[in-house]
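>>> Turn this into a model:
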Amino acid sequence: MSLTDVHPGTKMGKGPLWVRLVSISVIWIALTLVVAGVLLSLVFRDTLERNFDQRLSSLLDDLIGVSSNVSATDIDLERPMSDPRFDQPYSGWYWQISAEGIPPYRSRSLWDVDLDVDFDAPVGSVVYSYTTGPEDQQLRLLARAITIPESDIVYHFMVAVDTNEIEEQAVRFDNILLVGLSVLGVGLIAASLLQVFLGLKPLGHIKESLGKVRTGEVDYLPTDFPKEIQPLANELNALLDHNNEIVVRSRTQVGNLAHALKTPIAILRNEARMNAGPMSDTVTRQTENMHKYVEHYLRRARVSANTRSLSGHSAIVPALNNIARALNKLYKDKNIIVIANDQELTFKGDVNDFEEMAGNLMENAAKWATKDVVVECYKKDHWLMVEIRDDGPGIEKNAREAVFARGERLDEKIPGSGLGLSIVKDLSRLYGGEIMLADNNLSATKSGLLVTLKLPSV
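Numbering: from 1, shown residues only. The predicted model follows:
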């Protein structure tokens, strides 16, 4: 499946890259620590049980070693067992010597309770098992069946210890392990975050550098990126070179086309004027239309090439003031003023394109105004707003969309080609902006038109 087969509405590739990288690290760390914790806990518990069984074996050997005068009627111990808990009632440490048909001989800790004995166990067998002791204690028991020389009686020596000691140590170890692994997990996640952010920092540098290229501060991306990122920066620089080459070539082709078409059209117009006849008026009108349309589409082609550039910005207040001075000389009975609370307002584009848009709108306003034309400009968020108000007759709401059509004129008495608003609309769209028409409610006569030009700002 190719990239073009992926539906644009799917979430593939969306979302911050650092979130996906950290999420994968967190999941992997959590799974690894859980598995490691379970294995460590099982290994520790197994070690505890082995040590416990070894201790039982030592205690049983000690019990057999201190036993003397073992007979059918009596069993004596040469000395007490080494651990005093065998003498404390229900302490959890017990021993017992039993033979079938003979009362058992047991530790004082058992008090009046007998341990269960498997008299069927063969001689010499060693059996580990679990049993229930006094007060429902869970005991780990070790039993060995032996015979006394010159006797056929099988004695069952048993040592049992409460397993609560194992459980307490296991629980203590699990708690320590949980705290330790939790601290380790937090440290690993913090290290993963630091690694991801440091690793992705060059991408943020690329973003900042592209922003500087777009605003015209620099022409190319720097060459100090890590070797894994530098090829991307090199490709972007190559793309910038290619883009600039296309822009230059487009400007050249537009100029060549303009020269190639204007001369034949001018010849046709002159010939039509010089040779009066039935067709001269028709030829004159058609050549005039050809001239207007050629100018219109050449202008669009030039602007389209300009707006493909990633950089460029232009101060607009001086441009507006120049247009206003020219129109005040042309329309001496009109008052055209420019209001700007910020003299540093900047258009993200070519100044000639801005002058084309603003000039068309201001000239239209001067043509239709009764007396006053007010041009106000300001910045709103990341947009440049230019409001042009006149006190003329205005435009009916149902006719406002039609005036943007190419060659459309609402009044044939007013000179013009009908291309001005169409050109402005096309230019503004090429820059990602828009043009809006509304009533001029601030006019003293409560009539007139408000034209708002919205363009990207630096």
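>>> ok, then the element right after the lowest-mean-pLDDT helix or strand in the chain?
In the chain, the helix or strand scored least confidently by mean pLDDT, DSSP states H and E is helix 280-307, which has a mean of 66. On the C-terminal side of helix 280-307, the nearest following helix or strand under DSSP states H and E is strand 314-315.
>>> Just checking: what are the partner strands of that following strand?
Using DSSP bridges, the strands paired with strand 314-315 are strand 346-347 (antiparallel).
>>> tell me which residues of the helix or strand following the strand it pairs with are tucked away?
Using DSSP H and E, the helix or strand that follows strand 346-347 towards the C-terminus is helix 351-368. Judged by neighbour count using 16 or more other CB atoms under 10 Å, the buried positions of helix 351-368 are 353-368. For the C-beta atoms, the positions are set from N, CA and C on the backbone; glycine is no exception.
>>> Could you do stretch 164-173 as well?
For stretch 164-173, burial by neighbour count (16+ other CB under 10 Å) applies to 166, 170, 173.
>>> ok, those vs residue 32, which is closest?
Checking the buried residues of stretch 164-173 against residue 32 by CB to CB gives residue 173 as the nearest, at 19.4 Å.
>>> can you count the residues close to the closest residue to that closest one other than its chain neighbours?
Closest residue in space to residue 173, ignoring its immediate chain neighbours: residue 44 at 5.1 Å, by CB to CB, 6 or more residues apart in numbering. Residue neighbour count, defined by other CB atoms under 10 Å, stands at 15 for residue 44.
>>> Helix or strand: which one has residue 44?
Secondary structure (DSSP H and E) places residue 44 in helix 17-66.
>>> Does residue 363 touch residue 324 like I think?
No: counting by CB atoms under 8 Å, residue 363 sits too far from residue 324 to count as a contact (10.8 Å).
>>> helices and strands around the helix or strand containing residue 168, which ones?
Remark: residue 168 resides in helix 164-215, with elements defined by DSSP H and E. When contacts are defined as 3 or more CB pairs under 8 Å, 6 or more residues apart in numbering; DSSP states H and E, helix 164-215 sits against helix 17-66, helix 230-274.
>>> closest one to residue 137 among those?
Closest of these to residue 137 is helix 17-66, at 14.7 Å (criterion: CB to CB).
>>> Just give me how far the closest one sits from the chain centre.
Its chain's average C-alpha position is 39 Å from that of helix 17-66, according to CA atoms, centre = their mean, to the nearest Å.
>>> Same question for stretch 333-346.
In terms of CA atoms, centre = their mean, the centre of stretch 333-346 is set 43 Å apart from its chain centre.
>>> Can you give the contact residues for it?
Residues from elsewhere that reach stretch 333-346, judged by CB atoms under 8 Å, 6 or more residues apart in numbering: 313-317, 320-321, 324, 327-328, 362, 365-366, 369, 371-379, 384, 457-458.
>>> Ends of it, what's the gap?
31 Å (CA to CA, to the nearest Å).
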